[in-house]
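**Student:** From the sequence below, what's the structure:
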Amino acid sequence: MSRYESDDSFLRRFGCFACIILVGSVFTVPTRANGLPPSGFVEIAGGPFAMGVTSGDADANAPSITVTVSSCYLAETETTKSQWDAVRSWALANGYVGLATGGGKADNHPVQTVSWWDVVKWCNARSEMEGLTPVYKVGGTVMRTGTATPSVDWAANGYRLPTEAEWEKAARGGGVGTRFSWGTDVISHSEANYYGSSGISYDLSPIDQHHPSYAVGDGAYTSPVGSFAANGFGLRDTAGNVFEWCWDWFDANYYPTSDGTTDPRGPAEGTIRVLRGGGWNAPASRARSCYRDGGSPSSANEQIGFRVARSNQVTATLPDVAVGTASGGMVGVRSYAPSAQMVTLTSKRANPTAGVVLVANRGSLPDSLTLQATGGSALFGVAYFAAEGNITSGMLAGTYVTGEMDHQDEAVAIRTSITPNKKKLIRKKGKRTTILKRSHVLVLRASSVADPEVVDSAAIRVQTK
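**Tutor:** Now for the predicted structure:
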């Protein structure tokens, strides 16, 4: 064809709305050591980001919203044909049924012509092959065959597809408010493998045609993975080459409902799965970081590939501690602010007063949290009460540990009772009684049991009056 096909003809020809990619370069067993990401992966730090349209674009299904994602790992490149073949061979010899052969122009090109069903089973096979815990299960059993919608063990350390939110945050490379993953509003063939079009104002490619360096031979005009510069996070080909499957069901109206949420994972059901990233036969508009599309999970063609993700078993846990005078209206919990938050309590006539501490986990992976506190002083005695009763001795020793929780669990409430020492804080002279103005600050520090260096803190200050 001499020009890029219309949207309608594109859909008729390929039977999907867009396509996606998987990751991998040299096929090694990734392991996390010394706080570093697994080999071949990039850690995408957790936190909020602006998701959706930018630069005056007006995609109805991608309004501008803010969501928060937990830390995860994403492969630096799309999954290659050689990686696909190695895992597929192992899988077919170990109980997996019906995995597609997959297409690929060469071993170092992205695998394509793989369905969503093929990909999730391949992820499980790679997990088992490397001794990791598979993510996808059907009826409690590892998914190795069939097309029953699987459940997801988000806490597992095995391979999986990224969620749509994880994918977009990673694709943006830390940039804000730009169309493309390299941080600008324009694109050319020097940055990505896509179909050029003079009819798109921000497409600077000189021709209305496929990328001239890769439009050779028969079949897919893909490029070797990593042929173009990395984005700000170190990821390659998040625009162009092949579209990438994501976990989520596609719903054109889902975006607004996830505004302000943590770790959105798409609607509970649907008929098509999300595809992201553009491809070698798609125009520049589909290579934008915000562009959303979807295809039947059974779709498999020369434009569809994938990139794998893994849950971050450590920093996906975000301890969150907040303080206040009552359990309602707390500042901090569910917002994770590592800077100290403080509430000031006034003790009139040097009488006992009380504050409230809430401890929560904002991460998607379950973890226990340790709460440490400074204790009391000669002028101010402090006691701590949790649901199970007085825990002062444990707090003073720095050993109070919550049960396992994640972001869906209720925060643990702890009451602090602060008692000023009247003998030392009240002065009497004749008929006049004076209360000395003194203050004491309790510093409370919540940390992840899995990774004690991941912390949040708050403080309660008590002052006499």
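
**Student:** So Trp167: helix, strand or coil?
**Tutor:** Using DSSP: H, G, I helix; E, B strand; the rest coil, the secondary structure recorded for Trp167 is helix.

**Student:** give me the number of residues near it?
**Tutor:** Trp167: 30 surrounding residues under other Cβ atoms under 10 Å. (Glycine included, C-beta is placed from N, CA and C.)

**Student:** try Arg288
**Tutor:** Arg288 has 25 nearby residues by other Cβ under 10 Å.

**Student:** Which residue, neighbours along the chain excluded, lies closest to it?
**Tutor:** Excluding its sequence neighbours, the residue lying closest to Arg288 (Cβ to Cβ, 6 or more residues apart in numbering) is Arg179, at 4.7 Å.

**Student:** does the one you found really touch Gly56, like I thought?
**Tutor:** No - between Arg179 and Gly56 there is no contact under Cβ atoms under 8 Å: 9.5 Å.

**Student:** Who has more neighbours out of those two?
**Tutor:** More neighbours surround Arg179 than the other of Arg179 and Gly56, with 25 against 7 (other Cβ under 10 Å).

**Student:** Now do the SS call for Pro256.
**Tutor:** Under the three-state scheme (three-state DSSP), Pro256 adopts helix.

**Student:** top helix in the protein by residue count?
**Tutor:** The residue-count maximum for a helix in the chain (DSSP state H) belongs to helix 116-129.

**Student:** mind exporting that helix as PDB, just the C-alpha atoms?
**Tutor:** Output of helix 116-129 as PDB, limited to C-alpha atoms (Å, rounded to 0.1, in the frame of the first residue of the first chain):
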ATOM      1  CA  TRP A 116      -3.400 -12.000  24.700                       C
ATOM      2  CA  TRP A 117      -4.100 -15.600  25.700                       C
ATOM      3  CA  ASP A 118      -0.800 -16.800  24.300                       C
ATOM      4  CA  VAL A 119       1.000 -14.000  26.200                       C
ATOM      5  CA  VAL A 120      -0.400 -14.600  29.700                       C
ATOM      6  CA  LYS A 121       0.400 -18.300  29.400                       C
ATOM      7  CA  TRP A 122       3.900 -17.600  28.200                       C
ATOM      8  CA  CYS A 123       4.400 -15.300  31.200                       C
ATOM      9  CA  ASN A 124       3.400 -18.200  33.500                       C
ATOM     10  CA  ALA A 125       5.700 -20.600  31.600                       C
ATOM     11  CA  ARG A 126       8.700 -18.200  31.900                       C
ATOM     12  CA  SER A 127       8.000 -17.800  35.600                       C
ATOM     13  CA  GLU A 128       7.900 -21.600  36.200                       C
ATOM     14  CA  MET A 129      11.000 -22.100  34.000                       C
END
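
**Student:** Would you mind pulling the contact partners of it?
**Tutor:** 22, 84, 87-88, 90-91, 94, 96, 99-100, 102, 114, 133-136, 142-145, 147, 150, 156, 158-161, 245, 273, 295, 297-300, 306, 308 (Cβ atoms under 8 Å, 6 or more residues apart in numbering).

**Student:** Which of those residues are buried? Put it as a PyMOL command.
**Tutor:** The buried residues among those can be selected in PyMOL (16 or more other Cβ atoms under 10 Å) with this line:
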select buried, resi 22+84+87+88+91+96+99+100+102+114+134+135+136+142+143+144+150+156+158+159+160+161+245+273+295+297+299+300+306+308
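
**Student:** So which of the contacts of helix 116-129 belong to strands?
**Tutor:** Among the contacts of helix 116-129, DSSP state E puts 136, 142, 159-160, 245, 273, 295 in strands.

**Student:** quick one on the thing from earlier: who are the neighbours in contact with the residue nearest to Arg288?
**Tutor:** 54-55, 57, 185-187, 202, 288-290.

**Student:** As a markdown table, these with secondary structure would be great.
**Tutor:** Formatted as a markdown table, these follow (three-state DSSP):
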| residue | secondary structure |
| --- | --- |
| Thr54 | coil |
| Ser55 | coil |
| Asp57 | coil |
| Asp185 | coil |
| Val186 | coil |
| Ile187 | strand |
| Tyr202 | coil |
| Arg288 | coil |
| Ser289 | coil |
| Cys290 | coil |
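
**Student:** what's the most distant pair in these?
**Tutor:** Spatial extent of the contacts of Arg179 (Cβ to Cβ) is set by the pair Val186 and Cys290 at 15.1 Å.

**Student:** higher neighbour count, those two?
**Tutor:** Per other Cβ under 10 Å, whichever of Val186 and Cys290 has more neighbours is Cys290, with 24 against 16.

**Student:** these two touch, right, the more buried one and Ser55?
**Tutor:** No - with contact defined as Cβ under 8 Å, Cys290 does not reach Ser55; the gap is 9.1 Å.

**Student:** so where's this structure shaky on pLDDT?
**Tutor:** The chain contains residues with pLDDT under 70 at 1-36, 313-316, 327-331, 334-336, 338-340, 364.

**Student:** quick check: domain ranges of it?
**Tutor:** Here the domain parsing of the chain from automatic domain parsing is 1-315, 319-464.

**Student:** Buried deepest among the ones you listed, which one?
**Tutor:** domain 1-315 (a mean of 20; mean count of other Cβ atoms under 10 Å).

**Student:** and the gap between Thr370 and Ser82?
**Tutor:** Per Cβ to Cβ, to the nearest Å, Thr370 is found 44 Å from Ser82.

**Student:** With Tyr136 instead?
**Tutor:** Distance, Tyr136 to Ser82, by Cβ to Cβ: 23 Å.

**Student:** Now the terminal residues of stretch 101-118, how far apart.
**Tutor:** In stretch 101-118, first residue to last residue: 10 Å (Cα to Cα, to the nearest Å).

**Student:** swap in stretch 205-212?
**Tutor:** 10 Å.

**Student:** likewise stretch 398-415?
**Tutor:** Start-to-end, stretch 398-415 (Cα to Cα) is 16 Å.

**Student:** Kindly report the same for stretch 199-212.
**Tutor:** Stretch 199-212 has an end-to-end distance of 18 Å (Cα to Cα).

**Student:** ok, now stretch 205-215?
**Tutor:** For stretch 205-215, the end-to-end distance is 15 Å (Cα to Cα).

**Student:** And stretch 196-203, by the same measure?
**Tutor:** Termini of stretch 196-203 sit 7 Å apart (Cα to Cα).

**Student:** Can you list the neighbours in contact with it?
**Tutor:** Under Cβ under 8 Å, 6+ apart, the answer for stretch 196-203 is 3-4, 55, 179, 185-189, 205-211, 283-285.

**Student:** chain center to it: distance?
**Tutor:** Here stretch 196-203 shows a centroid-to-chain-centroid distance of 32 Å under the convention Cα atoms, centre = their mean, to the nearest Å.

**Student:** And stretch 38-46, by the same measure?
**Tutor:** With Cα atoms, centre = their mean, you get 11 Å for stretch 38-46.

**Student:** One more: stretch 422-435?
**Tutor:** The chain centre lies 57 Å from the centre of stretch 422-435; the measure is Cα atoms, centre = their mean.

**Student:** swap in stretch 175-183?
**Tutor:** Using Cα atoms, centre = their mean, the offset of stretch 175-183 from its chain centre is 18 Å.
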